[in-house]
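[1] please find the sequence and the predicted model below.
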Amino acid sequence: MPTTSSPTWSRRSLGREGLALALWAALAGLFVLAAFSSRGQESMPDDVLYDPDLAISGVIFYGIMVAIAVGIAHLYPRPWHDLGFRRFRARWVWIAFGVVLLTLIVGRILEPYLHGGEEQGFAPDRWEPEHATAFVVNALFVITLGPFAEEIFFRGLGVRALRLLGVAAAVLVTGIVFGLVHGILGALPPLALFGIGLAWVRAASGSVWPGVIAHMTYNGVGIGLLVLSWALDVPME
């Protein structure tokens, strides 16, 4: 005998999805405002990777971000599945790596015109052995926890929440918001491209893990290039 879904249950489900979308949008908006507000007050010091407080404050902030994302995801019937904690085909990792490569190329091309990397002001100009421990801890944080938390919030929850408006909207909006949340207009084109590319991978593969792997690789490449510039005594632009 054929069955039909309950209208009451459908309205409840739609209401939960709408609430999840509203919560994600509100938090994303707050993150963007906070990013530009902090940039307006003071620029990030060039030696921030030598600051031991970076990893400590980052663990607290990103820990809260992940906890909030998981909490909102429980509005869905299968929260972990909806966050993208799913198996994936290996080809999606290679496609995500392609997004990383394209972003690096575009960022390099645009840097002389937009000065996004210079505006970010993230990298120390030279190696200072007395700060080795802080640098290693901060580098591990930048390569691991930061990308994981951002992927869970933007691609894991964000793409799922905005899917209510359509896949195209989910991919474009989360990608642009991801770029804006860094608070650096000069770096917006490559960061938005990166966000849009990984959002598409998330939507197409159904998994957040290819994006996590690619994002960690992207940040790892940045740290690796920084160390290489110190070894070769070539300043990072």
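    Now that the structure is in, tell me what you want to look at. Residues are numbered from 1 along each chain as shown.

[2] CA only for contacts and neighbour counts going forward, please
    Fine.

[3] below-threshold pLDDT in the protein: ranges please.
    Scanning the chain for pLDDT under 70 picks out the ranges 1-12, 40-46, 119, 121-122, 234-237.

[4] center of it - which residue?
    Nearest residue to the geometric centre of the chain (Cα atoms, centre = their mean): residue 150, 3.5 Å.

[5] with adjacent residues omitted, what lies nearest to residue 111?
    residue 117 (6.8 Å; Cα to Cα, 6 or more residues apart in numbering).

[6] swap in residue 157?
    Nearest to residue 157 is residue 83, by Cα to Cα, 6+ apart, at 5.3 Å.

[7] for the one you found, grab phi and psi.
    Phi and psi for residue 83, reported as degrees, to the nearest 10, are phi -80, psi -10.

[8] same question, residue 126
    phi -150, psi 160.

[9] so what's it closest to, chain neighbours aside?
    Nearest non-adjacent residue to residue 126, counting by Cα to Cα, 6+ apart: residue 230, 5.8 Å away.

[10] counting neighbours, what do you get for that neighbour?
    For residue 230, the count of nearby residues is 16 (other Cα atoms under 10 Å).

[11] now swap in residue 30 and tell me
    Taking other Cα under 10 Å as the criterion, the count of residues near residue 30 is 12.

[12] so how far is residue 37 from it?
    10 Å (Cα to Cα, to the nearest Å).

[13] ditto for residue 104
    As judged by Cα to Cα, residue 104 and residue 37 stand 27 Å apart.

[14] in this protein, which helix is the longest?
    Ranked by number of residues, the top helix in the chain under DSSP state H is helix 7-41.

[15] how about it: buried residues?
    Under the neighbour-count criterion of 16 or more other Cα atoms under 10 Å, helix 7-41 has 16-18, 20-21, 23-25, 28, 31-32, 35-36, 39 buried.

[16] please state the offset of the helix or strand containing the residue nearest to the centre of the chain from the chain centre?
    Using DSSP states H and E, residue 150 sits within helix 145-150. Chain-centre distance of helix 145-150: 6 Å, with Cα atoms, centre = their mean, to the nearest Å.

[17] tell me which strands and helices it is in contact with?
    The contact analysis (3 or more Cα pairs under 8 Å, 6 or more residues apart in numbering; DSSP states H and E) places helix 145-150 against helix 53-73, helix 209-232.
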